[in-house]
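Peer 1: Kindly return the folded structure for what I paste below:
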Amino acid sequence: MTRSMTRRTPTDVALRSAPRGSRPAAFAALALVLAACSSGTPDEEPAGEWGNGPLDAYFERVYGDMDQGAWDEQQRETEQLTAECMAEQGFEYVPVDWSSMNGGVVVGEDSEIEWGSREFAEQYGYGMSSWPGMDEQPLEEEEQVWEDPNQAYVESMSDTERDAYYIALYGEQTGPEDPEAEWEYDWTQAGCQGAAQQAVQEKYGLGGDQMGALQEDMEALWAQIQSDERVLALAGRWSDCMADAGYPGMASPDDPQQILSDEQNAIYEEVYGDGLMEDADWEALEAEVRERTAAMTEKEIAMAVADFDCKDAIDFQKVQIQVATEHQKAFVDTHRAELEAWVESVEAARS
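Peer 2: A predicted model of the protein is given here:
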């Protein structure tokens, strides 16, 4: 089946393609964002900006060189390992070049407008439905088409063979017995793809014993920061300000982008459905998605400007950085040996 792919940012594609519930993948994404703006050594005093905390410096040592090209290379390695595993299971599998889904996308990295600034909010909101450079380099028609190289092979199978193929590739897709229970991703139950992802994650410091020992404590650290009395007080003041600006009922600063994200996801689900329509006019569906998503831009801009002004009025970022830095320092003081072991294991694996 051939589809005409909707243009999306690398972040959007990564989030949509990451396995739900995969905590290592989610943690790695957060670490990359932190490392992208980190600097200094673990014992340096923070410079009052995001990414300059004591823990961030460790992320810099692990992820500092990980640009989009490096992530694409990891995906290629994962696909190759998946193919080798599938061959061992008696199936053919052609490695998929997922990076081609983003070919030609312009994300405005060199824009003179700073992401997160009020000027950016005034023009692009949060950068969800539009962003700098989005329409500067229209894709050629042939570049918009992406075809799964395994589709014909899978379609040639019987139902029984196809079921066995997908079990080998993804594992048994069973959820928890309790539908209300949180689903925890287990790579050992995720077939060849799960095994390949785990192998690459361990190689690049996204998994392994050292990270596994730290991961739960790092997740707890984030929860501690969010539950700090100073952060909770900030959220309350921000919520009151947003209500005054015409956005009542927002309890968390994450709410605006979550609301917009839910609306975007609803558009994709309504337009594309289950995505299995063989005779669908994918070009028309893509155009409908673009049109409906663009209609969100005005709402997104208004919400983002109000959000920025409310945070600016209460020194939101300054206080959050102060709180996060204090918690990071305590974390590093407690876990310095484990952090050093994690970094050293990653450096050894890459050498």
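
Peer 1: what about Phe308, how many neighbours?
Peer 2: By the criterion of other CB atoms under 10 Å, Phe308 has 19 neighbours. Bear in mind the C-beta positions are built from the backbone N, C-alpha and C, glycine included.

Peer 1: no wait, Arg162
Peer 2: Around Arg162 there are 14 residues (other CB under 10 Å).

Peer 1: which residues touch Glu272?
Peer 2: One thing to correct before we go on: residue 272 is Tyr, not Glu. Residues near Tyr272 by CB atoms under 8 Å, 6 or more residues apart in numbering: Leu285, Val289.

Peer 1: now Leu232
Peer 2: Neighbours of Leu232 in contact, by CB under 8 Å, 6+ apart: none.

Peer 1: The same query, at a cut-off of 10 Å, please.
Peer 2: Counting by CB atoms under 10 Å, 6 or more residues apart in numbering, Leu232 touches Gln226.

Peer 1: and it, how far is that from Pro253?
Peer 2: 11 Å (CB to CB, to the nearest Å).

Peer 1: give me the low-pLDDT residue ranges for the stretch 201-350 of the chain?
Peer 2: 205-212, 274-279 (pLDDT under 70).

Peer 1: Okay, strands next: where are they in it?
Peer 2: Chain-ordered strands for the stretch 201-350 of the chain, with DSSP state E, counting those that start in this stretch as the definition, do not occur.

Peer 1: Which residue ranges of it form helices?
Peer 2: Along the stretch 201-350 of the chain, counting by DSSP state H, counting those that start in this stretch, helices occupy 208-227, 229-244, 255-272, 282-294, 297-313, 316-350.

Peer 1: Of all those, which one is nearest Asp186?
Peer 2: Closest approach to Asp186 among the helices of the stretch 201-350 of the chain (CB to CB): helix 208-227, 12.8 Å.

Peer 1: ok, back up a step: pick the most buried one from the helices of the stretch 201-350 of the chain.
Peer 2: helix 297-313 (a mean of 18; mean count of other CB atoms under 10 Å).

Peer 1: what's the angle between that helix and helix 255-272?
Peer 2: 160 degrees (axes from the mean of the first three to the mean of the last three CA atoms, to 10 degrees).

Peer 1: correct me, but Ala302 touches Ala245?
Peer 2: Yes. Here Ala302 lies in contact with Ala245, judged by CB atoms under 10 Å, at a distance of 9.0 Å.

Peer 1: Nearest residue to Gln198 in space, please, no chain neighbours.
Peer 2: Leaving aside its sequence neighbours, Gln198 sits nearest to Trp187 (CB to CB, 6 or more residues apart in numbering; 4.4 Å).

Peer 1: Ok, Ala294 next?
Peer 2: For Ala294, the closest residue by CB to CB, 6+ apart turns out to be Ser129, at 6.2 Å.

Peer 1: How about the secondary structure of that neighbour?
Peer 2: coil (DSSP: H, G, I helix; E, B strand; the rest coil).

Peer 1: Tell me if I'm right that it and Glu263 touch.
Peer 2: Yes. If you go by CB under 10 Å, Ser129 and Glu263 touch, sitting 9.4 Å apart.

Peer 1: Which neighbours do those two have in common?
Peer 2: Arg292, Thr293, Met296, Lys299, Glu300.

Peer 1: Next, format the residues you listed as CSV and append distance to Gly90.
Peer 2: What follows is the shared contacts of Ser129 and Glu263, written out as CSV (distance: CB to CB, whole Å):
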residue, distance to Gly90
Arg292, 44
Thr293, 42
Met296, 47
Lys299, 52
Glu300, 49
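
Peer 1: just these now: which is nearest Ile225?
Peer 2: Distances from Ile225 to the shared contacts of Ser129 and Glu263, taken by CB to CB, are shortest for Glu300, at 26.7 Å.

Peer 1: What sits closest to that closest one if chain neighbours are left out?
Peer 2: That would be Gly125: by CB to CB, 6+ apart, it lies 3.4 Å from Glu300.

Peer 1: and the one you found, what is it in contact with?
Peer 2: 131, 256-257, 260, 296-305, 307.

Peer 1: quick one: which of those is nearest to Arg237?
Peer 2: Nearest to Arg237 among the contacts of Gly125, with distances taken as CB to CB, is Asp307, at 13.1 Å.

Peer 1: how close does that closest one get to Ile259?
Peer 2: Distance from Asp307 to Ile259, by CB to CB: 11 Å.

Peer 1: anything in contact with each of these two?
Peer 2: Tyr247, Met250.

Peer 1: All set, thanks.
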